[in-house]
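Enquirer: Need the 3D shape of this:
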Amino acid sequence: MSTVPSITLDNGVEIPQLGLGVWQVEDEIVADVVTRAFETGYRHIDTAAAYRNEAGVGRAIAASGLPRDELFITTKLQNSDQGYDSTLAAFDKSIDQLGLEYVDLYLIHWQCLKQDKYVDTWKAFEQLYADKRIRAIGVSNFHEPALRRIFEETTIRPAVNQIELHPALPQDELRAFNAENDIVTESWSPLASGELIDDPALKTIGAKYGKSAAQVMIRWHLQLGNVVIPKSKTAGRIKENFEVFDFRLDNDDMATIADLETGVRTGGDPDVFG
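Expert: Residues are numbered from 1 along each chain as shown. Sure thing, here's the model as predicted:
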C-alpha cells in the first residue's frame with residue numbers, strides 16, 4: 001500500500017495530501033464508496049452539508065473500525081447557513097450526521113459576496129475551533145479580497161483554501177497568495193470534471209510512465225504542493241487515483257502541462273456564485 005504524504009497546516013495539524021471527494025455521490029451509495037476508499041488506503045474524506053451525504057460518510061466511518069486519529073474528515077458549511085448563530089447550529093447538524101465528536105477540517109463552502117456574511121461566519125468558526133470541535137478551519141472558493149478582509153477583521157487565518165484547480169485553471173496567482181499567507185491550497189475538480197482525460201499531451205506523458213491522464217494530473221497536483229481530492233464512485237477509478245506515488249513528473253512534463261492553461265472553469269465563479 002502506498003503511503004500518502006501529509007502537509008502540515010499552520011497550526012501543526014497534518015492533512016493527507018490525497019483524499020477522496022464525494023460530491024455528487026448519493027447518500028445511499030456513499031458508504032460503500034467510502035468503504036472502498038478506506039480499503040484502498042485513503043484516510044482523507046471530503047464531504048459537505050450541501051452534498052447531502054454526510055450521514056452515509058458517517059456510516060462508513062463507524063463501520064470501518066479504523067482508529068479515529070488515523071482519519072482526516074472534512075465537511076463544509078452550506079451557503080444558506082452563513083451567519084454566526086446559524087453556523088453554530090449547522091455545525092451541530094453536520095457533526096450529528098457524521099456521528100463524530102469533531103471534524104478535522106471545516107470550510108466555508110463559498111464566499112457568497114452578495115450575502116456578505118462570511119466574516120461573522122468565520123467568527124463562529126473561530127469559536128468552534130476554540131471549543132476544540134474542529135482541528136483546523138478554512139475556506140473554499142475564496143479570492144484574495146475576501147481573504148484579506150478575514151485577516152483584517154478576525155483573529156485566525158484560514159489554514160486551507162479549497163478552490164477549483166486543474167491544468168486548464170492552475171490558479172497561479174491565488175496559489176501564490178495562499179502560500180505567502182501560510183494557507184494550504186486544496187484542489188477541487190482536480191481532473192477538470194473529466195474534460196482533460198483525453199488530452200493528447202497528458203496521454204503522451206502518461207505513456208512514458210505507464211499511467212493514465214488522470215494519474216498524471218493527480219501527480220501534477222501533488223508536485224505543485226496542493227492537497228487533491230479526486231472524486232469517483234467506481235472501485236477501479238478509486239484505486240487508479242491512489243496509484244500515483246510510484247512515479248514523478250520531470251521538468252519537461254510540468255512545462256507541457258503548464259501549456260494547457262485556458263482559464264476555463266468547470267464550476268461556478270466565486271465572485272458571482274452564491
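
Enquirer: In the helix or strand harbouring residue 148, which residues are buried?
Expert: Per DSSP states H and E, residue 148 falls inside helix 144-153. Within helix 144-153, the residues that count as buried by 16 or more other C-beta atoms under 10 Å are 146-147, 149-150. C-beta coordinates here come from the backbone N, C-alpha and C atoms, glycine included.

Enquirer: tell me which residues in stretch 37-50 are buried?
Expert: So, applying 16+ other C-beta under 10 Å, buried residues of stretch 37-50: 37-38, 40-50.

Enquirer: Give me the subset of those that lies in helices.
Expert: 37-38, 40 (DSSP state H).

Enquirer: which of these lies closest to residue 273?
Expert: The closest of those to residue 273 turns out to be residue 37 (C-beta to C-beta; 27.9 Å).

Enquirer: surely that closest one meets residue 47?
Expert: No - using C-beta atoms under 8 Å, residue 37 is not in contact with residue 47; the gap is 11.9 Å.

Enquirer: And for residue 241, nearest residue in space, chain neighbours not counted?
Expert: Spatial nearest neighbour of residue 241, excluding adjacent residues (C-beta to C-beta, 6 or more residues apart in numbering): residue 230 at 4.7 Å.

Enquirer: For the one you found, list the residues it contacts.
Expert: Contacts for residue 230 were tallied using C-beta atoms under 8 Å, 6 or more residues apart in numbering; they are 20-21, 190-191, 214, 218, 241.

Enquirer: mind checking the SS state of the nearest residue to residue 168 once chain neighbours are set aside?
Expert: Leaving aside its chain neighbours, residue 168 sits nearest to residue 262 (4.7 Å; criterion: C-beta to C-beta, 6+ apart). Classification of residue 262 by DSSP: H, G, I helix; E, B strand; the rest coil places it in coil.

Enquirer: do the same with residue 208
Expert: Residue 208 is classified as helix under three-state DSSP.

Enquirer: Could I get the pLDDT score of it?
Expert: On the pLDDT scale, residue 208 is placed at 98.

Enquirer: show me what contacts it?
Expert: Residue 208 sits in contact with residue 253, where contact means C-beta under 8 Å, 6+ apart.
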